[in-house]
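Q: What would the 3D arrangement of this be:
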Amino acid sequence: MRTLLPAGWKEPIGYANGIEVPAGRILFIAGQVGWNAEQVFESPELVPQFEQALKNILAVLAEAGGSANHICRVTAFCIDRPAYLASRRELGAIWRRLIGRHYPAMSMIFVADLLDHPAKIELEATAVLPLAAN
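A: All right, here's what the predicted structure looks like:
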C-alpha cells in the first residue's frame, strides 16, 4: 500500500489524498453506526458513537482476516457539523488509539439524517487484504 501525495501538495492532516494498493482481496464494509453487537445505541452522543462505529468497522474487517492497516478508504456521514467540528481532537485521539497513524483516503459528508436513530454518524470503509495463501 502506498500513500500518494503529488509533488508540491501540502501534507493532509488525518487522511490521505490517495492510496495505491497492489492486487488483493477487496472488502467493502457497509455503513456502520454507533450501536453495539445487539444493535443498541449506548449513547446518543457523537464521540462515543464514532468510537463504536469504528470498532464495528474493525470487527467486520477482523472477520475477513484483516487489520486496520488494510483500510484504504473511509467515508463518514454525519448529521451534526457543529458537534463534529467541536469534537475533532477527541475523534482524532480515538482514531489513533484504535487505528494508529494509518490514514486512508477519507471523505466527510454532512447529511440531514441517518436511517437508524439516534445515529449521529455512520462510517463505511473499503479495505484491500492480501490474497489468501493457497
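
Q: got the contact list for the helix ranked longest in the chain?
A: Longest helix in the chain by number of residues (criterion: DSSP state H): helix 46-63. With contacts defined as Cβ atoms under 8 Å, 6 or more residues apart in numbering, helix 46-63 is touched by 27, 29-30, 32-37, 41-43, 67-68, 70-71, 74, 78, 80, 83-84, 87, 90-91, 94-95, 98-99, 119-123, 125, 127. The C-beta positions use only the backbone N, C-alpha and C, and glycine is treated the same way.

Q: Can I have the buried ones of these as a ChimeraX selection?
A: Of those, the buried ones go into a single ChimeraX selection, burial set by 16 or more other Cβ atoms under 10 Å:
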select :27,29,32,33,34,35,41,68,70,71,74,78,84,87,91,94,95,99,119,120,121,122,123,125,127
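
Q: Tell me how far the closest residue to Ser67 other than its chain neighbours lies from Asn17.
A: Once flanking residues are discounted, Ser67 sits nearest to Leu61: 6.8 Å by Cβ to Cβ, 6 or more residues apart in numbering. Leu61 is 22 Å from Asn17, where distance means Cβ to Cβ, to the nearest Å.

Q: Please say which of these two ends up with more neighbours.
A: Using other Cβ atoms under 10 Å, the more surrounded residue of Leu61 and Asn17 is Leu61, with 19 against 14.
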